[in-house]
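J.: when you get a sec, could you give me coordinates for this:
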Amino acid sequence: MNEQVQYKNKTEVSDEIWERIKTLIQKKKLSQAELHRMCNLHGYKITQPEISKLISGTQHLNLYQLIAFSDVLGVSANHLIDEQLSFQKVQVTGSSFALDPDEDEFAGYLGSYHTIFKSTSPFDEKILHGRITFLPVDRAKLCGALLELDTGETDGEGKRVLKVYQGQLIISKKMGVAYCILVNEKIGEISMIAFRHRNFFVKQAECRMGLVLTVSAGEKKEPVTHRIFLSRKKQDKQSLKYLVPYLKQEADEILVAKQKFMKIVDEYKLNTYFSEFVQKNKGEEFYRIDEKDIRRINPHLTREEVTKIMSFIKNSSSGSFCHSLPDTQDGACFELVRYHSKLE
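T.: Here you go, the predicted model:
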């Protein structure tokens, strides 16, 4: 005899999720008017009477409201749906590390960020978008991390393929670095994001550039590093035009082929800035340029002008967005060690 399955109805599910949202609203001490204003600022058409009905229980939460509140409150919709998500806990001890989200070091970091980085596949030029959320996991006294990554691919039914990673944010007080360790158990991958830490006592962290250690996409899996940009605000196409070149992994000096450099100078009408520089480097096949060169050429340039000029140059540089570690490097090192062992 088959056991009877107890199904949850729509109202029960909606009410469970709304209780989690209501708890966050209370923690942030937001009034109905403030919540309504924040929804409008984030581009969601939710009225104050709607909020009032949700609070009083005369209306049940819908999908649009769930997405709006998750965005406004700075948490993942996945967390609101299932707060029992099992975050991987890293065993780190000692006073040098901040682990508890109630510690001062985490002030300004909690909430959601939009993420962008260039695909790690050597055959793919697309930019990948995602969302990372740092949130308190009260029962474990850790700062959970949830990354939802849009792969840019679709499945057989035409739905977007998302990769979800869970983990933890740890801050080193002595090194001034934040480490985000992320695990995707389904595909057996562990990744780590490291970025510079600073204390935010008054306002939230707006954006951060991080360095990622992961595995390259595609058929051939190799250890790879790349840069990732985290931002509270979703970047538009105009902003991405300038931001994406900064994802290249380069030193302070940028290596640019002469022909490409001259094309930038002509296209963006930068002759006034670089005419003397070009004359001095006539015999060079490549130019080595850093920010100090631009400031020396014209000390009156604004910070914004310098940043944009550097973006143009980085976009045409010979730098790479990803640095992989191919198996040939292991083989080469082995041969060197074996060769020198024979000489001893």
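J.: counting contacts, what elements does the strand or helix carrying Leu128 pack onto?
T.: If you go by DSSP states H and E, Leu128 is part of strand 127-137. Helices and strands touching strand 127-137, by 3 or more C-beta pairs under 8 Å, 6 or more residues apart in numbering; DSSP states H and E, are strand 111-118, strand 142-154. All C-beta atoms are positioned from the backbone trio N, CA, C, and that covers glycine.
J.: and the strands in the stretch 201-344 of the chain?
T.: Applying DSSP state E, counting those that start in this stretch to the stretch 201-344 of the chain gives strands spanning 207-215, 223-231, 254-257, 286-289, 322-324.
J.: do the stretch 51-200 of the chain as well
T.: Using DSSP E, counting those that start in this stretch, the strands of the stretch 51-200 of the chain run over residues 97-98, 111-118, 127-137, 142-154, 160-172, 177-184, 189-196.
J.: let's see the last one as PDB, backbone CA atoms only.
T.: In PDB, the C-alpha atoms belonging to strand 189-196 read as follows (Å, rounded to 0.1, in the frame of the first residue of the first chain):
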ATOM      1  CA  GLU A 189      34.800  22.000  -8.100                       C
ATOM      2  CA  ILE A 190      36.300  24.300  -5.500                       C
ATOM      3  CA  SER A 191      37.200  27.900  -6.400                       C
ATOM      4  CA  MET A 192      38.600  30.800  -4.400                       C
ATOM      5  CA  ILE A 193      38.200  34.500  -4.800                       C
ATOM      6  CA  ALA A 194      40.700  36.800  -3.000                       C
ATOM      7  CA  PHE A 195      40.300  40.600  -2.800                       C
ATOM      8  CA  ARG A 196      41.800  43.400  -0.800                       C
END
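J.: what residues of it count as buried?
T.: Within strand 189-196, the residues scored as buried using 16 or more other C-beta atoms under 10 Å are 191, 193-195.
J.: quick one: contacts for Tyr113?
T.: 131-133, 207-208, 230-232 (C-beta atoms under 8 Å, 6 or more residues apart in numbering).
J.: which of those residues count as buried?
T.: Neighbour counting with 16+ other C-beta under 10 Å marks 131-133, 208, 230-231 as buried within the contacts of Tyr113.
J.: which residues touch Leu162?
T.: Taking C-beta under 8 Å, 6+ apart as the test, what Leu162 contacts is 148-151.
J.: who's it bridged to?
T.: Assessed by DSSP bridges, Leu162 has beta-bridge partners Asp150.
J.: pLDDT at it, what is it?
T.: Leu162 is assigned 85 on the pLDDT scale.
J.: check the one 10 residues further on too.
T.: Confidence at Ser172, expressed as pLDDT, is 95.
J.: put together TSV for the contacts of Leu162, with distance to Val337, neighbour count and pLDDT on each row.
T.: Below are the contacts of Leu162 laid out as TSV (distance: C-beta to C-beta, whole Å; neighbours: other C-beta atoms under 10 Å; pLDDT from 0 to 100):
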residue	distance to Val337	neighbour count	pLDDT
Glu148	43	18	89
Leu149	38	19	90
Asp150	43	14	88
Thr151	39	15	85
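J.: between these, which sits nearest Val202?
T.: Distance to Val202 across the contacts of Leu162 (C-beta to C-beta) is lowest for Glu148, with 29.0 Å.
J.: what residues are up against that closest one?
T.: 76, 78, 130-132, 162-164.
J.: 7 Å instead, please
T.: Shown in contact with Glu148 (C-beta atoms under 7 Å, 6 or more residues apart in numbering): 76, 78, 130-131, 162, 164.
J.: next SSE after the one helix or strand Ile17 maps to?
T.: Using DSSP H and E, Ile17 falls within helix 10-27. Next helix or strand after helix 10-27 toward the C-terminus (DSSP H and E): helix 32-41.
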